[in-house]
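J.: the following block contains a protein sequence and its predicted model.
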Amino acid sequence: MALVSDIYGSMVFNEHTMQERLPSATYKKLMKTIKDGQPLDLEVANVVAHAMKEWAIEKGATHYTHWFQPLTGITSEKHDSFIDPIADGRAIMSFSGKELIQGEPDASSFPSGGLRATFEARGYTAWDPTSYAFIKDEVLCIPTAFCSYTGEALDKKTPLLRSMSAVEVQAKRVLELFGETPHRVVTTVGAEQEYFLISEKDYEKRSDIILTGRTLFGYPPCKGQELEEHYFGAIRPTVNEFMKELDDELWKLGVSAKTKHNEVAPCQHELAPIFANANRAIDENLLTMEKMKLLASHYGLVCLQHEKPFDSINGSGKHNNWSISADNKNLLDPGDSPMENVRFLVFLTGVIQAVDEYQELLRMSVASCGNDHRLGANEAPPAIISMFLGDELGAVVDALVANDEYVAPNGQEMDLGVDVLPNFLKDTTDRNRTSPFAFTGNKFEFRMPGSSVNLSDCNMVLNTAMAKSLKEFADALEGVPAAEFEMAALNYVRNTLRDHQRIIFNGDGYSDEWPEEAARRGLANHKTTADALPCFVEPKSIALFEEFGVLSETEVRSRYEVKLEKYNKLMNIEIRTMKRLTRRDYLPAINNYAAEVARSISEIRTVLPDANVTLQETRLRQLTDGIAEINTQLEELHRLHYQSLEIADEQERANMNAHVIIPVMEKLRAAVDAMEIIVERQWWPVPALNEVLFYC
Ligand SMILES: NC(=O)CC[C@H](N)C(=O)O
């Protein structure tokens, strides 16, 4: 068996491979591009392309692809072989610098939100040298950005990269005031990926999961997650085999898969990598998701990445652990005495200001059809954005705001009362699972993103909002004499915290009082995607993105269109699936069973005319009433569906879907589910959740 250290990164054209394979002048120039953002000339690109090709061919690759992230959010690839036929009938393998740095996929069918008409289909991909090329399934994959003929971004990566530069520029200005001149400032991300694994056999029989990623019907299982036995439980052998292969494959791709465990809900699991530069972390998360889906099939399993595949138990999130570091020094690390660490306080205040000021944009960035079902319960945060600082930082902020003396909590020793067990210092703060944005020691965990989301959007918002906070600080403090700087910085921090303190909430985000309290504080509560999206195109948001060159107004508007359209399309698929399954699977099954019950009543009566068949008659009545109720809801859904399709304005249609249609879908589901528990097992057309969630 190969050692992990031998396979780790073996399929990645990483710095080590570059140094080994490139002439040293080329390597240096490429490093200048990767590390300092300097432009790359074609001559260098030609040398790099040649080395990359030779390396890839040795590893068995026959094709290359520009790997990019269109506005669908997932990754796209079109494979071109290296072959170049020559006159004598043979072929050589070739790959030029131009092919490395630029591509022109016929990309007309990707969403563009009106940025391109089908007859103006040209789009370009451009090499992103800051994320390593890698080999996947014998294809050399080159991470790229994707833009239109007229230069507008058509992907998720470009604005993310722009936002990372924006935050870097402003952070460097701030750090300079502290006498620090780091080479690079980067935002970092660690993406915890939750997912479900169910058996292929059950999956094949559940068209709702196949078509929509979630169960549209299904009476809650007799047992859910209440015994809390699955969380961190021993991993079942098949799942363990899957996880081992997944780790191996990810390690080969240089993805730092670190932690794996069973999650709270039955059949639910999690994989967490070590944090990395945000751009790479997001590329790696997308690769992780792809590998999970693919490898599950080797074990007769299907990997579900929907935010809420099953009602009544936990959904799946993708907690985004975000921080910012200067030459590998974490700027959100409070150190031993946060109150004295003015630089830390400035960056912390920047985050608080950013999250409060742009809370609606942050909420918008993770809004999706699937996440609407997840937020607000089962350890997922509510739709109201707030921040949890914990006891220690909370006390620091309170003391600053009140201009009071700060008393540091003493590191409390944890004594478990058993001599053989070690005593240890307990953390100064607990965790809060109901908080959307929680400080966790030296980073913030944004818990709102759902498991299927591409994290670029929320990081783009976070970075840009943070750039704005830092810019305001630098604008205000540049020019202050060095001797007065610290005092001026603390005053700035104090005033800014005072203005934004409302976003801090350490309590229970699920309590009935919180939405009321949040409303009093003026915090937004956008429960659905339809409510969350409009803020994207508000002047305040457009101004933010334009100020930092992250998105132009045209790009913002096109992205808003794409998100709206996606929501409405997914809703349309869910509604059609519900109607189809009700008409063709559930109603006939219930009807057939009712006929069977009726037959059995007459048969019993034939033999025993005076038999007591009250039970059977009651059951028959329940079934026929149930059929009537299902039919009423189905007709109503059908009527509203057609009415919604007449609405040309996508926002209006989204509003109708979210507020009028979903309640009827819920009623239809309830009517069908009510029949599921009285229809005899063998007559029910699909595996019940009792089976799907406990397959072994
Ligand atoms: N233990 C956990 O953190 C569970 C998180 C939860 N699954 C979510 O949806 O975010």
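T.: Perfect, thanks for sending it.
J.: give me the neighbour count for the residue of the chain found nearest the ligand.
T.: Closest to the ligand within the chain is G317: 2.7 Å, counting by C-beta to the nearest ligand atom. Every C-beta, even on glycine, is put in place using the N, C-alpha and C of the backbone. Neighbours of G317 under the rule other C-beta atoms under 10 Å: 27.
J.: one more: A488?
T.: A488 has 14 nearby residues by other C-beta under 10 Å.
J.: and this structure, what are its domains?
T.: Using automatic domain parsing, the domain ranges for the chain come out as 4-154, 163-408+433-551, 567-693.
J.: so for the second one, mean pLDDT?
T.: This points to domain 163-408+433-551. For domain 163-408+433-551, mean pLDDT rounds to 96.
J.: pull the distance from it to the chain's centre.
T.: 9 Å (C-alpha atoms, centre = their mean, to the nearest Å).
J.: end to end, how far does it reach?
T.: The first and final residues of domain 163-408+433-551 sit 9 Å from each other (C-alpha to C-alpha, to the nearest Å).
J.: please shift the residue numbers so they start at 745 in all later answers.
T.: Will do, 745 is the new start, and the previous item becomes domain 907-1152+1177-1295.
J.: show me what from this protein comes close to the ligand.
T.: 938, 1008, 1058-1061, 1118, 1123-1124, 1177, 1191 (C-beta under 6 Å from any ligand atom).
J.: are any of those buried, and which?
T.: For the residues of the chain next to the ligand, a burial check counting by 16 or more other C-beta atoms under 10 Å picks out 938, 1008, 1058-1061, 1118, 1123-1124, 1191.
J.: I'd like to know how many residues surround G1194.
T.: 25.
J.: so what touches the helix or strand hosting F940?
T.: Assessed by DSSP states H and E, F940 sits inside strand 937-943. Identification of contacts with strand 937-943 by C-beta atoms under 8 Å, 6 or more residues apart in numbering yields 953, 983, 986, 1007, 1009, 1011-1016, 1029, 1032-1033, 1036, 1040, 1044-1049, 1053-1054, 1060-1062, 1195, 1436-1437, 1439-1440.
J.: out of these, which are inside helices?
T.: Members of the contacts of strand 937-943 lying in helices (criterion: DSSP state H): 953, 983, 986, 1029, 1032-1033, 1036, 1040, 1436.
J.: now for those: which two are most distant?
T.: N1029 and V1436 (26.3 Å; C-beta to C-beta).
J.: how about R1303, what does it touch?
T.: 815, 857, 1280, 1295.
J.: quick check on these: which are buried?
T.: 815, 857, 1280, 1295.
J.: residues in contact with the last one?
T.: Shown here is L1295, whose contacts under the criterion C-beta under 8 Å, 6+ apart are 897, 903, 906, 1204, 1289, 1303.
J.: turn those into TSV, columns for distance to P887 and secondary structure.
T.: Formatted as TSV, the contacts of L1295 follow (distance: C-beta to C-beta, whole Å; DSSP: H, G, I helix; E, B strand; the rest coil):
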residue	distance to P887	secondary structure
A897	15	strand
P903	15	helix
R906	16	helix
M1204	17	helix
F1289	23	helix
R1303	21	helix
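J.: leaving out chain neighbours, which residue sits closest to Q1097?
T.: S1213 (4.4 Å; C-beta to C-beta, 6 or more residues apart in numbering).
J.: what's the following helix or strand after the helix or strand in which the one you found is found?
T.: Secondary structure assigned from DSSP H and E places S1213 in helix 1200-1221. For helix 1200-1221, the following helix or strand on the C-terminal side (DSSP H and E) is helix 1226-1244.
J.: neighbouring contacts of that next one?
T.: 921, 1086, 1089-1090, 1093, 1096-1097, 1100-1101, 1141, 1144-1145, 1147, 1213, 1217, 1220-1221, 1224.
J.: which of the residues in that helix are buried?
T.: For helix 1226-1244, by 16+ other C-beta under 10 Å, it's 1233-1234, 1236-1238, 1240-1241, 1244.
J.: ok, back up a step: residues in contact with the residue nearest to Q1097?
T.: S1213 neighbours (C-beta under 8 Å, 6+ apart): 1093-1095, 1097-1098, 1101, 1240.
J.: in CSV: these, plus secondary structure.
T.: CSV is the format used below for those (DSSP: H, G, I helix; E, B strand; the rest coil):
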residue, secondary structure
T1093, helix
G1094, helix
V1095, helix
Q1097, helix
A1098, helix
E1101, helix
T1240, helix
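J.: neighbour-wise, which one of these leads?
T.: Ranked by neighbours (other C-beta under 10 Å), those are led by G1094, which has 28 neighbours.
J.: state the distance from it to T925.
T.: 19 Å (C-beta to C-beta, to the nearest Å).
J.: cool, and C1202?
T.: Taking C-beta to C-beta, one finds C1202 at 30 Å from T925.
J.: looking at these two now, which is surrounded by more residues?
T.: C1202 (24 against 10).
J.: give the contact list for the closest residue to that one other than its chain neighbours.
T.: The shortest distance from C1202 to any residue other than its chain neighbours is 4.1 Å, reached at S1109 (C-beta to C-beta, 6+ apart). By C-beta under 8 Å, 6+ apart, the residues touching S1109 are 1201-1202, 1204-1205.
J.: contacting residues around M1315?
T.: 1113, 1398, 1401, 1405 are the contacts of M1315 under C-beta under 8 Å, 6+ apart.
J.: any idea which helix is longest in this protein?
T.: helix 1358-1389.
J.: what are the buried residues along it?
T.: Buried residues in helix 1358-1389 (16+ other C-beta under 10 Å): 1360, 1363-1364, 1366-1367, 1370-1371, 1373-1374, 1377-1378, 1381-1382, 1384-1385, 1388.
J.: save the residues of the chain next to the ligand as JSON lines, and put in distance to Q1426 too.
T.: Shown next, in JSON lines, are these (distance: C-beta to C-beta, whole Å):
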{"residue": "E938", "distance to Q1426": "34"}
{"residue": "V1008", "distance to Q1426": "32"}
{"residue": "N1058", "distance to Q1426": "31"}
{"residue": "G1059", "distance to Q1426": "31"}
{"residue": "S1060", "distance to Q1426": "32"}
{"residue": "G1061", "distance to Q1426": "37"}
{"residue": "R1118", "distance to Q1426": "33"}
{"residue": "E1123", "distance to Q1426": "36"}
{"residue": "A1124", "distance to Q1426": "36"}
{"residue": "R1177", "distance to Q1426": "41"}
{"residue": "R1191", "distance to Q1426": "42"}
